[in-house]
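[1] whatever this is, show me its structure:
(chains A and B)
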There are 2 protein chains.
Amino acid sequence: MNRLEEKTIQTKELFSGRIIRLQIEEVELPNGKITEREIIKHPGAVAVIALTDDNKIVMVEQYRKALERTIVEIPAGKLEKGEEPAVCARRELEEETGYVCEKMELLVSFYTSPGFADELVHVYIATGLSKKENAASLDEDEFVNLEELTLEEAVQYIKDQKIYDAKTVYAVQYLQLQKALEQK
Amino acid sequence: MNRLEEKTIQTKELFSGRIIRLQIEEVELPNGKITEREIIKHPGAVAVIALTDDNKIVMVEQYRKALERTIVEIPAGKLEKGEEPAVCARRELEEETGYVCEKMELLVSFYTSPGFADELVHVYIATGLSKKENAASLDEDEFVNLEELTLEEAVQYIKDQKIYDAKTVYAVQYLQLQKALEQK
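    Numbering: from 1, shown residues only, chains lettered A, B, ... in the order given. Coordinates of the predicted model:
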């Protein structure tokens, strides 16, 4: 096995914004050569597979400026500074959908784009949902439409590229896998 | 349903690197207010679920500077300018693993981080693998170790957080789903 580590020689921060920071890291490669890595620092995020009692998947339609279009996603959001992921998951679910839940369990965590970013997403599954009166509201720059989909509808949304992001494609496949395992 | 679109008022490019570009977009929200979006532009990428004839999944261990650690991933790489994704998939598979394949099929495409980046990953499945003599070699700043895992080993790698990125977690779950459906 080859040694793979890249040693940092120097880090330059080129931008620090509301959400992301951009760093250029000068690194020494395993063969001794020098190169630069373009790195985005991100606070991390949560995403929630929220299932209603009649087995619908709670989703939000949201405009994504990076894509210049709306897509349909499971509820998700960035971690506030120092915030526990499980707390963030309950907060985002309530803010984006008006639902609170009895049970919130961590399923898996994954890096979204390890080639250039350190964004880590924690995926939760929420059950025992109920609508909350006077639920916490969205951030002032967030606008979403609520959708509640059957698993079959969600699979069709992937084919139609209405669902089009990694965490939501993962979430739908997770539910397909659970269904297939139950039926065995 | 609410209108969700955000209109661009002005775009400023703050950085243009080898891989990513950073833009700040001043936008008008659906309620008429003005805000800024931090957007990373990325050329897009491919990833390949490559299965050997004895049903092993071909993976590469790679150091990811953004994470300051190695992780084990399915072979993947960025699209060159104007490159067809299917051509890129064959190129990256050969460069990173030395394998060529008879069959390369598109499974799904997804955006990795729609909140701040336009990176779209096309996930392929490759079968009919054979090792190529004098295979195309890695980029000069790429260093990887090849691993061939059973599905059970890959599932354990996710639990151990050796496999830790969205596309590879998706890929392993895809194979779990196919296996569960076959056994029904």
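[2] does chain B sit close to stretch A:91-103?
    No. Contact of stretch A:91-103 with chain B is not found when judged by Cβ under 8 Å from any Cβ of the partner chain; the minimum separation is 12.0 Å. Glycine gets a C-beta too; all of them are placed from N, C-alpha and C.
[3] CA atoms only: put that stretch into PDB for me.
    The C-alpha trace of stretch A:91-103 is given here as PDB (Å, rounded to 0.1, in the frame of the first residue of the first chain):
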ATOM      1  CA  ARG A  91     -35.400  22.400  14.100                       C
ATOM      2  CA  GLU A  92     -35.100  22.200  10.300                       C
ATOM      3  CA  LEU A  93     -38.000  19.700  10.200                       C
ATOM      4  CA  GLU A  94     -40.200  22.100  12.100                       C
ATOM      5  CA  GLU A  95     -39.200  25.200  10.300                       C
ATOM      6  CA  GLU A  96     -39.500  23.800   6.800                       C
ATOM      7  CA  THR A  97     -42.600  21.600   7.200                       C
ATOM      8  CA  GLY A  98     -44.400  22.500  10.400                       C
ATOM      9  CA  TYR A  99     -44.000  18.900  11.700                       C
ATOM     10  CA  VAL A 100     -42.600  17.800  15.000                       C
ATOM     11  CA  CYS A 101     -41.700  14.100  15.600                       C
ATOM     12  CA  GLU A 102     -41.700  11.600  18.400                       C
ATOM     13  CA  LYS A 103     -38.600   9.800  17.200                       C
END
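[4] who touches that stretch?
    Among residues not part of stretch A:91-103, those counted as contacts by Cβ atoms under 8 Å, 6 or more residues apart in numbering or on different chains are A:46, A:48, A:50, A:58, A:60, A:75-77, A:83, A:90, A:104, A:126-132, A:135-139, A:142, A:144, A:146.
[5] same for chain B: which of the residues you listed are within range?
    Answer for the contacts of stretch A:91-103 near chain B (Cβ under 8 Å from any Cβ): A:Ala76, A:Val144.
[6] among the contacts of stretch A:91-103, name the ones in strands.
    Among those, the members found in strands (DSSP state E) are A:46, A:48, A:50, A:58, A:60, A:76-77, A:104, A:126-131, A:144, A:146.
[7] state the pair within those residues that is farthest apart.
    The distance between the two most remote of those (Cβ to Cβ) is 22.2 Å, for A:Gly128 and A:Val144.
[8] ok, those two, which is more surrounded?
    Set A:Gly128 next to A:Val144 and count neighbours by other Cβ atoms under 10 Å in any protein chain shown: A:Val144 wins out with 20 against 13.
[9] tell me which stretches of chain A form strands.
    Going by DSSP E, chain A shows strands at A:7-16, A:21-28, A:34-41, A:45-50, A:57-64, A:69-73, A:76-78, A:99-111, A:120-131, A:144-149.
[10] packing partners of the fifth one?
    So the one you mean is strand A:57-64. On a contact count with 3 or more Cβ pairs under 8 Å, 6 or more residues apart in numbering or on different chains; DSSP states H and E, strand A:57-64 meets strand A:45-50, strand A:69-73, helix A:85-97, strand A:144-149, helix A:151-159, helix A:166-182.
[11] just name the most buried of those.
    strand A:45-50 (a mean of 25; mean count of other Cβ atoms under 10 Å in any protein chain shown).
[12] for the closest residue to A:Glu61 other than its chain neighbours, which residues are in contact?
    Excluding its sequence neighbours, the residue lying closest to A:Glu61 (Cβ to Cβ, 6 or more residues apart in numbering or on different chains) is A:Asn145, at 4.2 Å. The contact partners of A:Asn145, taken as Cβ under 8 Å, 6+ apart, are A:Val60, A:Glu61, A:Gln62, B:Met1, B:Asn2, B:Leu4.
[13] next one, pLDDT for the most far-flung residue of chain A relative to its centre please.
    Of all residues in chain A, A:Gly32 has its C-alpha farthest from the mean position, at 36.2 Å, by Cα atoms, centre = their mean. Looking at A:Gly32, its pLDDT reads 94.
[14] distance check, it against B:Ser137.
    Look at A:Gly32 and B:Ser137: by Cβ to Cβ, to the nearest Å, they are 18 Å apart.
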